[in-house]
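Novice: here is my input, please return the structure:
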Amino acid sequence: MDAAPKERLRILARGCVQGVGFRPHVHRLATNLGVTGWVRNCAQGVSIEVEGPRRDLEGFLRRLAVERPPNSFIEAMETWWLASTGYDGFKILESNGEGQINAIVMPDLATCPDCLEELFDPGNRRFHYPFINCTHCGPRYSIVEALPYDRARTSMRPFVMCEECAREYNDPENRRFHAEPNACPNCGPFVELWDLDGRVLSQHGKALLSAAQHVRDGKILALKGIGGFQLIVNASNQNAVQRLRARKHREEKPFALMYPSLYAARCDCEISEAEAGALQSPASPIVLLRRLREEMPLVAPGNPRLGVMLPYSPLHHLLMRELGFPVVATSGNRTDEPICIDENESLTRLDGIADVYLAHNRRIVRHVDDSIVHVMLGREQVLRRARGYAPLPLPIHPRTADHPQVIAVGAHLKSAVALASDGQAFVSQHIGDLETVEAFDAFRRAIADLQNLYGATPGVIVSDTHPDYLSTKFADSRRGDSPSAGRVRVQHHIAHVLACLAENEVALPSLGVCWDGTGLGVDGSVWGGEFFVVTRENVERIATFRRFRLPGGDQAVQEPRRSALGVLYEIYGPAVFAIEGLRPVQAFSASWLPTFAHMLKSGLNSPWTSSAGRLFDAVAALIGLRQQLAFEGQAAMDLEFAMEGFGTDESYAVRFDEEPIFTFDWQPMIAEILRDLREGASAGVISAKFHNTLAEVIVAVARRAGQPQVALSGGCFQNRYLTERAARRLEGSGFRPFWHQRIPPNDGGIAYGQIIAALRNQR
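Specialist: Next comes the predicted model:
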């Protein structure tokens, strides 16, 4: 009987298929099935040609769709059946960078179990080597310079593999087969310990041991990690932690902790199965956990939660195994600056903060902070999207290659930028607040990075509508460089809502709720307590919060007492300054009160706001929790934390006005809060009733809107209690709630929403 005729199958696999061992996986699968051909990275993903009997090729295609390496996924596969050409064997070919680039860059991945076992195996040639990696783990986004992802296009290019590493790299049966950062102590990067002047004190293992001793001695260590420098001190040494706070000018904002193991973290924190999964995942983020005891009080003052991460790089594993106790591991930067990535630059940028530097000679191509998540309603929610998550793409529906390439520049705070190309949205790593020259430079580099990686020439540039945001001004200036590019401005809160709807792939129409601190409304006032009905054709604001004035404008963001004055003035008018016992009034010098009375009456430097975030501030000031902030969002955090141990289902009165649109009138609620204060109710009980009331407001607007689906977005929905309470009340009332998971609810998600808005305009 004649053998079945051979055919050729060409496959283009798109998705997370570069930097994850996908080509070696394809090689092994083809060899196992006895088909011939080749595989290579290309600008669009991974290109494959296999040749053999049709039955074998169909089997190859079926297995390729369901069998995959860890950390990879296939978004789409395009196939072509072609005539046989007579391939001999199966090979991995050199990458082809031709065509429109839309391959996915993998994020940096935590050390895998196999590499970790080798790291601490005295018989292994990589024993205690701080740059061990394989196709399943190690740096990716922080070292790649261009696509396709090959060693020659990474910062590993200067390190020529030794014979043993080259043998692994070229062995299809080895897990380091085409592992682009592959290296060992004989041919790869190494660490050095530097003094404050950059003089080398020691190298290799001695440098790491000496660095650990400095931490034991209470010194501040600047450690060059995967995506930038971290500042590390002994978390139990209160003098060292206080010194770090003083030097970094970070008086109260919580520090993140790194524990040597999950077991050690469980000694101090309550850790659910989902939280343990997040801690040990390839992303290895900082996870916000409930603390079990008041140890290390200066790490997170007054906070019932700790931000905890586990060692995620070989260097961290070695240091933490040597120390055996938790350390503060915070970003290596000054306030409002991006994380430092260059060891020589660190001597200047971290001067006066660090005592000693543990550096290495592998160049970091782009800064990548540690990501932050918490588990809410059994799901992970990203609060800061960086290492382990960026720049994985987010969905655009309906997906089509006909859309123009779009660059979105985000907002002003918690900045992140995004690029839409080939039906996908690539969102950058967290950049930070655009308050300094260094932060703005990092913002511009992030935009250039996305465009260079994907060979993009955006046809549309989209920004916030706020004319004073640096990101908006940048977009305006870029329009001059690209006069043919379309220019789109998207209202802040609409971008929030669209981001949540798109991330969750919610079918329209839907109700979108956006509560945050600040955003320019279309009427020129400060919005932040908004409700929208979103259809395929339109976004309509259908409800809001009653407005009040913010005396001092932006200064009120830093002083909750000013928001409280605005709320009280709306209720009592000028008489508020004569009422005894009002804590926000008492928080000011008597000489200031006539000035505030004039500002509030005349509107001088006192813009109107409907902001839910500022209402949180006002209530925190009213009940005496916080009159002035040390960091953004502190008053709202105080309100949430005050509820610990004060569970109640009670709420305050909910009243709405009909004009000019459906408006939540908070006056009855504030009146009842003041009554509770007079009657001696605790801050915890008042806070719980306040949060419960806001959840009832959402349910009431949902009923009025008549939309069964409700999306919750904006910085206020970082509040775990508020989001969980609102979601449960919505579900109990017959609605289906959606909230953010992969993109932050705060302004870190704005750029994604801007992308969605811009592409809606293209329909």
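
Novice: low-scoring stretches of the chain, by residue?
Specialist: Counting by pLDDT under 70, the chain shows low-confidence ranges at 1-2, 97-103, 398-402, 479-485, 762-763.

Novice: how about 50 then?
Specialist: Residue ranges of the chain with pLDDT under 50: 1.

Novice: centroid residue for it?
Specialist: Closest to where the C-alpha atoms of the chain average out (CA atoms, centre = their mean) is residue 385, at 1.4 Å.

Novice: look up how far residue 17 lies from that residue.
Specialist: 21 Å (CB to CB, to the nearest Å). The way it works is simple: take the backbone N, C-alpha and C, and place the C-beta from them, glycine included.

Novice: try residue 137
Specialist: Counting by CB to CB - residue 137 and residue 17 are separated by 16 Å.

Novice: for the closest residue to residue 250 other than its chain neighbours, phi and psi?
Specialist: Sequence neighbours aside, residue 335 is the residue nearest to residue 250 in space, at 6.6 Å (criterion: CB to CB, 6 or more residues apart in numbering). According to degrees, to the nearest 10, the main-chain angles of residue 335 amount to phi -50, psi 130.

Novice: quick one: residue 335 and residue 248 touch, right?
Specialist: Yes - the pair residue 335 / residue 248 is scored as a contact, 6.9 Å apart, by CB atoms under 8 Å.

Novice: CA atoms of stretch 550-567 as PDB?
Specialist: The C-alpha coordinates for stretch 550-567 follow below in PDB (Å, rounded to 0.1, in the frame of the first residue of the first chain):
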ATOM      1  CA  LEU A 550     -13.400  73.100  47.400                       C
ATOM      2  CA  PRO A 551     -11.800  76.100  49.100                       C
ATOM      3  CA  GLY A 552      -8.300  76.400  47.800                       C
ATOM      4  CA  GLY A 553      -8.800  74.200  44.800                       C
ATOM      5  CA  ASP A 554      -6.000  71.700  44.500                       C
ATOM      6  CA  GLN A 555      -4.900  72.400  48.100                       C
ATOM      7  CA  ALA A 556      -8.100  70.800  49.300                       C
ATOM      8  CA  VAL A 557      -6.900  67.500  47.900                       C
ATOM      9  CA  GLN A 558      -4.200  67.600  50.500                       C
ATOM     10  CA  GLU A 559      -6.400  68.800  53.300                       C
ATOM     11  CA  PRO A 560      -9.700  66.900  54.000                       C
ATOM     12  CA  ARG A 561     -10.700  69.600  56.400                       C
ATOM     13  CA  ARG A 562     -11.200  72.000  53.400                       C
ATOM     14  CA  SER A 563     -13.500  69.500  51.700                       C
ATOM     15  CA  ALA A 564     -15.500  69.200  55.000                       C
ATOM     16  CA  LEU A 565     -15.800  73.000  55.100                       C
ATOM     17  CA  GLY A 566     -17.200  73.000  51.600                       C
ATOM     18  CA  VAL A 567     -19.800  70.300  52.600                       C
END
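
Novice: helices or strands up against the helix or strand hosting residue 344?
Specialist: Secondary structure from DSSP states H and E places residue 344 in helix 343-349. Packed against helix 343-349 by the contact rule (3 or more CB pairs under 8 Å, 6 or more residues apart in numbering; DSSP states H and E) you find strand 221-224, strand 356-360.

Novice: got the contact list for whichever helix or strand comes after the shortest one?
Specialist: Spelled out, that is strand 221-224. The first helix or strand that comes after strand 221-224 along the chain, using DSSP H and E, is strand 229-234. Here strand 229-234 makes contact (CB atoms under 8 Å, 6 or more residues apart in numbering) with 215-216, 218-223, 240-241, 243-244, 248, 258, 319, 323, 325, 327-333, 339-341, 346, 350, 353-354.

Novice: output the very next helix or strand once past strand 229-234 as PDB, nothing but the C-alphas.
Specialist: Of the helices and strands lying after strand 229-234 in sequence (DSSP H and E), the nearest is helix 238-248. Extracted C-alpha coordinates of helix 238-248, given in PDB (Å, rounded to 0.1, in the frame of the first residue of the first chain):
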ATOM      1  CA  GLN A 238      12.700  50.400  63.800                       C
ATOM      2  CA  ASN A 239      15.700  52.800  63.700                       C
ATOM      3  CA  ALA A 240      16.600  51.700  60.200                       C
ATOM      4  CA  VAL A 241      13.000  52.000  59.000                       C
ATOM      5  CA  GLN A 242      12.700  55.400  60.500                       C
ATOM      6  CA  ARG A 243      16.000  56.500  58.900                       C
ATOM      7  CA  LEU A 244      14.700  55.300  55.500                       C
ATOM      8  CA  ARG A 245      11.500  57.300  56.000                       C
ATOM      9  CA  ALA A 246      13.400  60.400  56.900                       C
ATOM     10  CA  ARG A 247      15.800  60.100  54.000                       C
ATOM     11  CA  LYS A 248      13.100  59.300  51.500                       C
END
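
Novice: can you give the contact residues for helix 238-248?
Specialist: 218-220, 231, 233-235, 250-251, 255, 296-299, 328, 330, 334-335, 352-353.

Novice: so which of those residues are in strands?
Specialist: 231, 233-234, 328, 330 (DSSP state E).

Novice: now do the buried residues in stretch 337-348.
Specialist: Neighbour counts over stretch 337-348 (16 or more other CB atoms under 10 Å) mark 337-343, 346-347 as buried.

Novice: among the helices and strands packed on helix 343-349, which is nearest residue 11?
Specialist: Of all the helices and strands packed on helix 343-349, strand 356-360 sits nearest to residue 11, with 38.8 Å by CB to CB.

Novice: who's in contact with the helix or strand immediately after that closest one in the chain?
Specialist: Proceeding N to C from strand 356-360, the next assigned helix or strand is strand 372-376, under DSSP H and E. Strand 372-376 is contacted by residues 256, 272, 274-275, 278, 285-288, 307, 380-384, 720, 723-724, 739 when judged by CB under 8 Å, 6+ apart.

Novice: going by neighbour count, list what's buried in the top helix by length along the chain.
Specialist: Counting residues, the longest helix found in the chain (DSSP state H) is helix 683-705. Using 16+ other CB under 10 Å as the test for burial, helix 683-705 gives 683-702, 705.

Novice: about what we covered before: which of the contacts of strand 229-234 are buried, as a ChimeraX select command?
Specialist: Burial among the contacts of strand 229-234 is assessed by 16+ other CB under 10 Å; the matching ChimeraX selection reads:
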select :215,219,220,221,222,223,240,241,243,244,248,258,319,323,327,328,329,330,331,332,333,339,340,341,346,350,353,354
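
Novice: tell me the SS of the residue nearest to residue 78 when sequence neighbours are not counted?
Specialist: Leaving aside its sequence neighbours, residue 78 sits nearest to residue 12 (CB to CB, 6+ apart; 4.4 Å). Recorded secondary structure, residue 12: strand (DSSP: H, G, I helix; E, B strand; the rest coil).

Novice: my read: residue 12 touches residue 64, true?
Specialist: No - taking contacts as CB under 8 Å, residue 12 lies outside contact range of residue 64: 11.8 Å.

Novice: the two - which one has more neighbours?
Specialist: residue 64 (20 against 16; other CB atoms under 10 Å).

Novice: C-terminal to the helix or strand hosting that one, what's the next element?
Specialist: Per DSSP H and E: residue 64 is located in helix 54-66. As assigned by DSSP H and E, the chain's next helix or strand after helix 54-66 is strand 73-82.
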